[in-house]
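**Student:** I would like to see how this sequence folds:
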Amino acid sequence: MFLLLGAVAALITTFFEILFFCRKRTFGAALHSAVRNIFVVDLITAAVFRYILKYDHFLDTSAYGTENFVKFFIVALGVGIIWMLLFAFLNRHLAFGDAHNKKTHGTRFIKLLSCFLFMLGCAAFFGTIWGKDSFGDVTADQLIINLFSPTEGADSGVYLDVFERPVFQTMLCTAVFSIFVYSDFSIVYSRKGISAQAESYSDATVITRGGEKSVTVFGDLAKRVISLLLSVAMLAGGVAYGCVEFDLKQLYNAYIAESSFIEDNYVDPREAGLVFPQQKRNLIHIYAESLENSYLSEELGGYMEQNLMPELTELSKEGVIFSDTENRFGGPQQAVGTQWSVAAMVNMMTGLPMKVPAEQNAYGSEDNFLPGAYTLFDILEDQGYEQTVMFGADANFGGLTYLFGTHGNATLFDYGYAKRNKLIPEDYKVWWGFEDDKLYEFAKDEITRLYNTGKPFNFTMETADTHRPHGYLSEKAPTPYSDHYANAIAYSTSEIVKFVDWIKQQPFYENTTIIIIGDHLSMDTDFFENFDPNYHRTQFNLILNAAPSVAGAPADRFVNRQYCNFDMFPTILSSIGVTIPESRLGIGTDLFSARKTVFEEFGYEYSDNELEKKSEFMNENILKKPAEQTAAEQQ
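**Tutor:** Numbers count the residues shown, from 1 in each chain. Got it, this is the predicted structure:
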């Protein structure tokens, strides 16, 4: 709607331009002026609204009232008038005469190439800024994996933000640059009262006619040279900026440099000799979106003046936490292939980092999401568990449908499932699908169903209300803090505790272990803008009601631990009473055991650098189905 109003303002401007300032009043000249003005007025007005008036969304106008549309029209009209007067002034003092240059295919190619290179440079520059602002320290592996993964089901606000920031910025700058490149005019400066004679300057041609001297101050050749130089500079600068900010040297390691680190430290879960207790314990695993220890008060090791999650802090006294410091609250290190939601699930299901795909569709098609992995869900399926995984979002996003559809035969309860089963209206859409208030109610019903099957069960869920940007705040949520995200965090964590309180009241609780862990560090960069960069942020983790076989582990196993998300794979199994003879699955180590993790054994920096590198073992045995497994299935 905004852009339509801008077009109307541009047409009004065009009418007065033709009426008062145009030398040619042909249909072609009028059409050319109208198209040019619409383009310029809409782009500049949108820029004014976005960067000066600070409108967050100028493409999604559903939340704006009549006064906002009137304001846009007035601004657009003002922009049009200023543009028209500026154009008239230039025409008064600078003659935009036809350069009469011969237009060869080479000339056209140079112009096209200049615009294309400039656009790529802008895209790299603005895309990098957007990525860092939106997601924080996004790594090269995350960038590549997400490019190759399905994006269906993502929150529409993410796409809107992409179009209104890097796409719009790239379009605006490239449009201005293209007008300059494709202008068919030379700039000629005219002065009257000079005798008719021909002169020559080093940088300009001087033409004299009837007492008027005209100097061509900027010709087509100079314009082409400058255009090409500017475009190459923009491309080089944009790519260099992206390489530095995203640490793209990781791509060399991921695709070129090889390491046997994973193979050397890998224990195949199929061959690990796992022993389940006679009475199998239930598992409830809560991936809490962006839940980290920085939300605690400073005296507890957090960064807040006031503890944002007091209920969860109190609940933690009933369970165990694995900390990377001497303090009670701490968490895993941020390693390659662990720092976003899908990666965290892969880590905790396989004991492995989520590596860049060996093939383009390695995570994005049916039967092709880690086909060689023997996951937590596969193990529990083979042990007779009934399993459900629940999201308030669409599981197609990031390929989760493929992950859970091919590992463990779990019921996939997501946004689409809720609509298909008429639990929400067909046109219902809040946040990423349905909000956490509904998630918990659906979870209670689903857990009750799982229990009533008479089988041991595994229920896994992920919350979403604390997702970037700024979180979703329920209508039921109190707002004790001035910051929206802080209120979302406080409400979300209190609701987790209420959900756990409900579980405690159920007949199955005595034989059920609960895992609560942040899937990754928050990517809401605005909230952390003023954090001390030396403050070490970690994911919150808590294990409640662990199996008696590990509940009494020595106290030194819970502090000063250097570990990662993939260590949670064997740790989760151990927490439900499973005996793991080697205390390792994948490259993850059971944190309840005395065995050192790979980070503790080899050091974090060395281990993480090796994990960056290409692993032929993973490419051939995990990211693809191993040849022997394929042959066995065909028999």
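**Student:** Could you find the closest non-adjacent residue to residue 275?
**Tutor:** With CB to CB, 6 or more residues apart in numbering as the criterion, residue 275 has its nearest non-adjacent residue at 4.1 Å, and that residue is residue 579. Where you see a C-beta, it was placed from the backbone N, CA and C, and this is true even at glycine.
**Student:** and if you look at residue 613?
**Tutor:** The shortest distance from residue 613 to any non-neighbouring residue, by CB to CB, 6+ apart, is to residue 259 (3.7 Å).
**Student:** Give the residue spans of the stretch 351-500 of the chain that score low on pLDDT.
**Tutor:** Filtered on pLDDT under 70, the stretch 351-500 of the chain yields the residue ranges 357-367.
**Student:** try 80 this time
**Tutor:** 356-368, 397-399 (pLDDT under 80).
**Student:** Show me the strands in it, by range?
**Tutor:** All strands of the stretch 351-500 of the chain, identified by DSSP state E, counting those that start in this stretch, fall at 386-391, 411-413, 457-462.
**Student:** Not counting its own residues, what contacts the shortest one?
**Tutor:** By that I understand strand 411-413. Here strand 411-413 makes contact (CB atoms under 8 Å, 6 or more residues apart in numbering) with 387-391, 395, 400-401, 404-405, 442, 446.
**Student:** picking that back up, distance of the residue nearest to residue 275 from residue 585?
**Tutor:** Noted for residue 579: a distance of 12 Å to residue 585, by CB to CB, to the nearest Å.
**Student:** Please identify which of those two sits among more neighbours.
**Tutor:** residue 585 (30 against 16; other CB atoms under 10 Å).
**Student:** give me the beta-bridge partners of that one?
**Tutor:** Note on residue 585: beta-bridge partners residue 588, judged by DSSP bridges.
**Student:** Need the pLDDT of it.
**Tutor:** As predicted, residue 585 sits at a pLDDT of 98.
**Student:** now do residue 591
**Tutor:** pLDDT at residue 591 comes out at 98.
**Student:** Equivalent analysis for residue 88, please.
**Tutor:** pLDDT, residue 88: 68.
**Student:** so residue 409 touches residue 381, yeah?
**Tutor:** Yes. Assessed by CB atoms under 8 Å, residue 409 is found in contact with residue 381 at 5.3 Å.
**Student:** what sits in contact with each of the two?
**Tutor:** residue 387.
**Student:** between these two, who's got more neighbours?
**Tutor:** residue 381 (17 against 14).
**Student:** my guess is residue 308 meets residue 488, correct?
**Tutor:** No. The criterion here is CB under 8 Å, and residue 308 misses it with residue 488 at 9.7 Å.
**Student:** Let me know the secondary structure of residue 264.
**Tutor:** With DSSP: H, G, I helix; E, B strand; the rest coil as the basis, residue 264 sits in helix.
**Student:** Run a quick neighbour tally on it.
**Tutor:** 11.
**Student:** distance of residue 165 from residue 494?
**Tutor:** The value you get for residue 165 to residue 494, if CB to CB is used, is 33 Å.
**Student:** cool, and residue 330?
**Tutor:** To residue 494, residue 330 is 22 Å away according to CB to CB.
**Student:** who's more crowded, these two?
**Tutor:** residue 330 (23 against 17).
**Student:** correct me, but that one touches residue 293?
**Tutor:** Yes. The pair residue 330 / residue 293 is scored as a contact, 6.6 Å apart, by CB under 8 Å.
**Student:** Would you mind listing the residues touching both of the two?
**Tutor:** By CB under 8 Å, 6+ apart, the residues touching both residue 330 and residue 293 are 301, 538.
**Student:** residue contacts, the residue nearest to residue 275?
**Tutor:** By CB under 8 Å, 6+ apart, the neighbours of residue 579 are 274-276, 549.
**Student:** coming back round to it: just give the number of residues close to the residue nearest to residue 613.
**Tutor:** Neighbours of residue 259 (other CB under 10 Å): 17.
**Student:** That one and residue 616 touch, don't they?
**Tutor:** No. Using CB under 8 Å, residue 259 makes no contact with residue 616, being 9.2 Å away.
**Student:** Next one: the closest residue to residue 267 other than its chain neighbours from residue 405, what distance?
**Tutor:** Distance criterion CB to CB, 6+ apart; nearest residue to residue 267, sequence neighbours excluded, is residue 584 at 4.5 Å. Separation of residue 584 from residue 405 (CB to CB): 28 Å.
**Student:** For the residue nearest to residue 613, give its distance to residue 609.
**Tutor:** Using CB to CB, we find residue 259 at a distance of 8 Å from residue 609.
**Student:** now swap in residue 118 and tell me
**Tutor:** 36 Å.
**Student:** More neighbours: which of these two?
**Tutor:** Using other CB under 10 Å, the more surrounded residue of residue 118 and residue 609 is residue 118, with 27 against 16.
**Student:** so the more buried one is in which element?
**Tutor:** For residue 118, the host element (DSSP states H and E) is helix 105-135.
**Student:** Pull the distance from that helix to the chain's centre.
**Tutor:** 21 Å (CA atoms, centre = their mean, to the nearest Å).
**Student:** packing partners for that helix?
**Tutor:** Secondary-structure packing of helix 105-135 (3 or more CB pairs under 8 Å, 6 or more residues apart in numbering; DSSP states H and E): helix 156-162, helix 168-182, helix 220-246.
**Student:** ok, residue 584 and residue 405, which is more surrounded?
**Tutor:** Per other CB under 10 Å, whichever of residue 584 and residue 405 has more neighbours is residue 584, with 24 against 16.
**Student:** can I assume the more buried one is in contact with residue 567?
**Tutor:** No. Using CB under 8 Å, residue 584 makes no contact with residue 567, being 9.1 Å away.
**Student:** low pLDDT regions in the stretch 201-350 of the chain?
**Tutor:** Short version for the stretch 201-350 of the chain, where the test is pLDDT under 80: 201-224, 242-257.
**Student:** Show me the helices in it, by range?
**Tutor:** Taking DSSP state H, counting those that start in this stretch as the test, the helices found in the stretch 201-350 of the chain are 220-246, 249-255, 261-265, 310-315, 341-350.
**Student:** Quick one, which of those gets closest to residue 601.
**Tutor:** Nearest to residue 601, of all those, is helix 261-265, at 8.3 Å by CB to CB.
**Student:** what residues does that closest one touch?
**Tutor:** Outside helix 261-265, the residues touching it (CB under 8 Å, 6+ apart) are 352, 584, 587, 598, 607, 610-611, 613, 615-618.
**Student:** Show me those residues that map onto helices.
**Tutor:** 598, 607, 610-611, 616-618 (DSSP state H).
**Student:** What is the nearest of those residues to residue 178?
**Tutor:** So of those, ranked by how close each gets to residue 178 (CB to CB), first place is residue 611, at 43.9 Å.
**Student:** before we move on, the earlier item: please identify every residue contacting each of residue 584 and residue 567.
**Tutor:** Overlap of the contact sets of residue 584 and residue 567 (by CB under 8 Å, 6+ apart) consists of 351, 590.
**Student:** From residue 573, how far off is residue 445?
**Tutor:** Counting by CB to CB - residue 445 and residue 573 are separated by 27 Å.
**Student:** same thing with residue 584?
**Tutor:** For residue 584 relative to residue 573 (CB to CB), the value is 11 Å.
**Student:** Also residue 329?
**Tutor:** Here residue 329 is placed at a distance of 24 Å from residue 573 (CB to CB).
**Student:** more crowded one of these two?
**Tutor:** Legend: neighbour count by other CB under 10 Å for residue 329 and residue 573, higher for residue 573 (25 against 21).
**Student:** For the more buried one, I want the exact helix or strand it lies within.
**Tutor:** Using DSSP H and E, residue 573 falls in helix 568-575.
**Student:** Work out the gap between that helix and the centre of the chain.
**Tutor:** Using CA atoms, centre = their mean, the distance from the centre of helix 568-575 to the centre of the chain it belongs to is 28 Å.
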